[in-house]
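In: missing the sequence, but the structure's below:
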């Protein structure tokens with residue numbers, strides 16, 4: 001797309017120097033750029049893998065440790081120590097410094113300043129103003145004469161320096177720029193433009209070459225390593241695992257379940273035998289335990305039910 005766009009754009013007429021430089025410059029730049037681009041792409045892939053597998057988890061762990069060790073203690077220190085202390089110090093500063101200074105300025109400094117201002121105004125109006133007016137006019141006339149003289153001197157010196165600088169500096173520099181720097185700059189601009197275009201073209205082509213090489217290496221790795229491993233897993237290990245599961249593991253599991261069931265039954269029977277033996281020993285040593293006669297405490301049913309207004313209760317019945 002870039003090449004088509006560049007081809008579709010109108011180009012200025014090119015000279016023989018441009019045509020002679022373009023092909024060798026592009027060949028040399030392409031040969032130099034292809035290894036650099038392939039190394040760059042490999043470094044990009046390795047960097048992405050390292051970022052996703054190592055740097056991000058390590059960064060998350062370090063961020064959590066930093067929050068635990070630094071952020072949370074400083075936040076707690078700021079919230080529960082510095083802010084209350086600052087409020088207390090601010091209140092103390094307001095009470096000890098600000099209020100006295102405001103009172104002093106309002107009731108001492110301002111009246112004194114007004115008095116001094118009125119005194120200075122009176123001195124200026126009554127004493128200095130009658131003497132400064134004639135003296136000021138004389139000083140202004142002298143300063144104007146001095147300024148006019150300095151202006152004439154500086155104008156003459158500036159004219160002389162202008163022509164000296166023009167003859168000694170400007171004209172040689174203009175000739176050097178017109179006949180030396182401008183042609184050399186045009187040549188260097190053409191060379192730089194061609195080198196830049198060659199670098200861009202070589203970088204794009206090298207990217208395609210690197211992509212093709214990467215795909216080829218990926219395909220080769222898949223056919224050399226991945227596909228044989230997959231085939232071996234699918235055709236050898238999976239049937240062997242199924243056979244081992246059906247022939248060995250399942251019977252062993254069934255036998256283990258049977259042994260466990262038999263062991264549980266044996267343990268239950270042994271526990272019952274021990275319990276019976278303990279009961280027999282207790283009977284031989286202490287005899288049969290006395291049986292408590294059962295008392296029927298149930299309520300009478302039907303017509304024999306106890307009522308509040310009749311004498312046919314269970315206690316008063318004949």
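Out: Everything's here; your move. All values reported here derive from a predicted model rather than from experimental measurement.
In: how many residues are close by residue 30?
Out: Residues contacting residue 30 under the criterion other CB atoms under 10 Å number 18. Bear in mind the C-beta positions are built from the backbone N, C-alpha and C, glycine included.
In: check residue 42 too.
Out: Taking other CB under 10 Å as the definition, residue 42 ends up with a neighbour count of 13.
In: can you tell me how far it is from residue 184?
Out: With distances defined as CB to CB, to the nearest Å, the gap from residue 42 to residue 184 amounts to 40 Å.
In: residue 92 too?
Out: Taken as CB to CB, the spacing of residue 92 relative to residue 184 amounts to 74 Å.
In: what does residue 154 give?
Out: Here residue 154 is placed at a distance of 40 Å from residue 184 (CB to CB).
In: for residue 241, same thing?
Out: With CB to CB as the criterion, residue 241 and residue 184 are 78 Å apart.
In: same question, residue 61
Out: Distance from residue 61 to residue 184, counting by CB to CB: 59 Å.
In: then residue 245?
Out: With distances defined as CB to CB, the gap from residue 245 to residue 184 amounts to 83 Å.
In: ditto for residue 83
Out: 68 Å.
In: show me the shaky parts of the stretch 101-250 of the chain.
Out: Applying pLDDT under 70 to the stretch 101-250 of the chain flags residues 128-131, 133-134.
In: helices of this structure, residue ranges please.
Out: Taking DSSP state H, the helices of the chain run over residues 2-8, 16-50, 56-66, 72-77, 83-93, 99-104, 110-123, 129-165, 171-176, 182-221, 227-232, 238-244, 250-286.
In: what's the second one packed up against?
Out: It refers to helix 16-50. helix 182-221 (3 or more CB pairs under 8 Å, 6 or more residues apart in numbering; DSSP states H and E).
In: in the helix it packs on, which residues are buried?
Out: Neighbour-count burial for helix 182-221, counted by 16 or more other CB atoms under 10 Å, picks out 194, 198, 199, 201, 202, 203, 205, 206, 207, 209, 210.
In: identify the residue spatially nearest to the fourth one, adjacent ones excluded.
Out: This means residue 201. The spatially closest residue to residue 201, leaving aside those adjacent along the chain, is residue 26, at 6.4 Å (CB to CB, 6 or more residues apart in numbering).
In: identify the farthest-apart pair in the buried residues of helix 182-221.
Out: The most widely separated members of the buried residues of helix 182-221 are 194 and 210, with 23.6 Å between them, by CB to CB.
In: what about residue 28, neighbour count?
Out: Using other CB under 10 Å, the number of residues around residue 28 comes to 13.
In: same deal with residue 89?
Out: The local packing of residue 89 (other CB under 10 Å) involves 10 other residues.
In: per-residue confidence at it?
Out: At residue 89, the predicted lDDT confidence score is 90.
In: how about the contacts made by it?
Out: Residue 89 sits next to no residue when contact means CB atoms under 8 Å, 6 or more residues apart in numbering.
In: and the gap between it and residue 265?
Out: Summarising the geometry, the distance separating residue 89 from residue 265, computed by CB to CB, is 81 Å.
In: with residue 31 instead?
Out: Applying CB to CB to residue 31 and residue 265 gives a distance of 84 Å.
In: also residue 37?
Out: From residue 37 over to residue 265 (counting by CB to CB), the distance is 76 Å.
In: what about those two, which has more around it?
Out: Each of residue 37 and residue 265 had its neighbours counted (other CB under 10 Å), and the higher figure belongs to residue 37 (20 against 10).
In: now that one, nearest residue through space, not along the chain?
Out: Sequence neighbours aside, residue 206 is the residue nearest to residue 37 in space, at 3.5 Å (criterion: CB to CB, 6+ apart).
In: what about the one you found, distance to residue 213?
Out: On the measure of CB to CB, residue 206 and residue 213 end up 10 Å apart.
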